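[1] The sequence and its predicted three-dimensional model are supplied below.
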Amino acid sequence: METSNAKINPSQTSFAFKSKADAAVYWAERGFFVFLVRHTTPDGACSCGNAACKSPGKHPLHTGWQEEATNDPERVAVMWEKHPNANIGGALEVRPHGFGCGQQERKTRRQFLRQLGV
């Protein structure tokens, strides 16, 4: 398994990936649990097919995303090989009965987004 080949500009904290698969593998290699998220079509509609979708391109591809989320780069590569247009979802903490988003997780999320320059 080849590792991701992201080009990072530390002064701007910007990332240039060849594909969404490369980006997903990059984050998995750093310990983030990632999962498949719907994408938007060229006309801006959500790939879920619901014309009235309130979150186009921003909701999980599968209902079992909690079980699907992984930080295993090989599994991530296979997931995006099957769904190359999927956006990337990131879970911040794995718990026995799902993922959490408590005070510490929100702090971690803010730090993560700052690293991305968002």
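    Ah, there it is.
[2] where are the low-confidence patches of the chain?
    Low-confidence segments of the chain (pLDDT under 70): 1-15, 92-118.
[3] can you pull out the strands in it?
    Using DSSP state E, the strands of the chain run over 7-9, 14-16, 33-37, 87-91, 94-95, 98-99.
[4] and the third one, what does it pack onto?
    Spelled out, that is strand 33-37. Judged by 3 or more C-beta pairs under 8 Å, 6 or more residues apart in numbering; DSSP states H and E, the packing partners of strand 33-37 are helix 20-29, helix 65-68, helix 73-82, strand 87-91. Glycine gets a C-beta too; all of them are placed from N, C-alpha and C.
[5] Can you lay out those as TSV showing distance to P56?
    Shown next, in TSV, are the helices and strands packed on strand 33-37 (distance: least, C-beta to C-beta, whole Å):
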stretch	distance to P56
helix 20-29	16
helix 65-68	17
helix 73-82	20
strand 87-91	10
